[in-house]
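Asks: below: sequence and its predicted model.
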Amino acid sequence: MSLQLFCLCTRSLALVMTLVLVTAMPDDSGPPVNITAVVGGTATFRCPWDYRRPVIRLYIQRHAKFINGFNDLKPLDVPPEYKDRTKVNRTDLSMEMTNVSVSDEGLYQCVIFSNTMDKTTPEIYLKVTAEYSVPTIERECSESKQPDGTAGQSCKLSCSSVGGYPPDAVRWPGIHTSLMSDVHNDSREDQASKTWTINQTIKYTCNQPTNVSCAVGGAVSPTITICETESFSTEVIVAIAVVLVFVLLLLLLLMVMKRCYQRRQNSEDESDPENADVPLADCHSQLKSV
C-alpha cells in the first residue's frame, strides 16, 4: 500500500469516527432544560449526557462563574456561597442545591469533557417560586345611593399577601369588575429575600348581599359578606328602645295611681276617718319608689 493511499484511509477513518462521536453527543444547541424549585427547598440539576461515555471533567457554572463539579486530574475549589449547599453526583452528572433562594433563579451551564476530550455545554434553566401567604381582606363600608337611584353601599376593600415570588396581581373572584373603581396597587419587593408583598385597594358598590374574597398566586383569603340589608338602622333601633322604656314607665305609673285611687275609694266607703289619709300616704310612698 502506498503512503498516499494509507494517508487517505487514515483521514477517512478519522472523519468517520468524528461523525460517530458528534452523533453520539447530546445536542447542546437546543433549548435549555427547565426545572423548578421552591424558596427554601431543593433543586436537582441533571446534565444531559450519553452516560455510556466516561466523563473526566464536569463544571457546572452560571454567568461563566464556577459553582461545583469535578476534575479527575485535580481537585476543584467550590466557592464559599455554594460549598455547603451544593453536592455533585458523578454517576448521573447531577448537582443538588439546597436552601434555594430567589437569587438562584437563572440559566446554568454544564461544561462536560469526555475521556476523548470532547466538550459539550447543555443548559439548564432554574425557575424559583415562593408561595404567598393567605391574603388578609378588610372592608370599610358606608351607605351610598346607586346610579339607578336605589339605596346601597360603597365599600373600600383591601387585600394583602406577603412572601411570594414571582410578583403577582390581586384577583377578586365572584365580583363584577364593572362595579369596581379607584383601584390602587402598592406592591413591594423585599431587598433581602427578593420576595414580594402584594397590596391592592378597590372601591366596590352594590345594593344586595355579596360574598367577596381575594386571591394572590394560589392563596385565597377567607370570604366576607358586604352590602348586607338591614331591617332598621342603628338610629331607628335606639329610638324604638327609648320609646318602649318610656311607655313601660308610663304604664307602671298609671297602675300605681290606679291602685292608690282604689284604696282611697275603699277607705271612704268604710267611713273610717282615722284611716282616711293612710291610703293617700301609701300612694305617695309608692310613687316615690317609682
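Replies: That came through fine. Residues are numbered from 1 along each chain as shown.

Asks: ramachandran angles for V247?
Replies: Dihedral pair for V247: phi -60, psi -40, per degrees, to the nearest 10.

Asks: how much space separates it from I240?
Replies: Computed as C-beta to C-beta, to the nearest Å, the V247 to I240 distance reads 11 Å. Where you see a C-beta, it was placed from the backbone N, CA and C, and this is true even at glycine.

Asks: ditto for V39
Replies: From V39 over to I240 the distance is 57 Å, taken as C-beta to C-beta.

Asks: can you pull out the strands in the stretch 51-200 of the chain?
Replies: Counting by DSSP state E, counting those that start in this stretch, the segments of the stretch 51-200 of the chain that form strands are 55-62, 65-71, 86-89, 94-97, 106-114, 119-120, 123-129, 136-145, 151-164, 170-171, 180-185, 188-189, 196-206.

Asks: can you give the domain ranges for the chain?
Replies: Domain assignment for the chain, taken from automatic domain parsing, gives 25-129, 136-226, 234-289.

Asks: make a markdown table out of the ones you listed and add mean pLDDT and mean neighbour count.
Replies: As requested, the domains of the chain are exported to a markdown table (pLDDT from 0 to 100; neighbours: other C-beta atoms under 10 Å):
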| stretch | mean pLDDT | mean neighbour count |
| --- | --- | --- |
| domain 25-129 | 92 | 15 |
| domain 136-226 | 91 | 16 |
| domain 234-289 | 69 | 11 |
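
Asks: that older thread, reformat the strands of the stretch 51-200 of the chain as JSON lines; add distance to D77.
Replies: Shown next, in JSON lines, are those (distance: least, C-beta to C-beta, whole Å):
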{"stretch": "strand 55-62", "distance to D77": "12"}
{"stretch": "strand 65-71", "distance to D77": "8"}
{"stretch": "strand 86-89", "distance to D77": "13"}
{"stretch": "strand 94-97", "distance to D77": "16"}
{"stretch": "strand 106-114", "distance to D77": "16"}
{"stretch": "strand 119-120", "distance to D77": "21"}
{"stretch": "strand 123-129", "distance to D77": "22"}
{"stretch": "strand 136-145", "distance to D77": "47"}
{"stretch": "strand 151-164", "distance to D77": "35"}
{"stretch": "strand 170-171", "distance to D77": "46"}
{"stretch": "strand 180-185", "distance to D77": "46"}
{"stretch": "strand 188-189", "distance to D77": "33"}
{"stretch": "strand 196-206", "distance to D77": "35"}
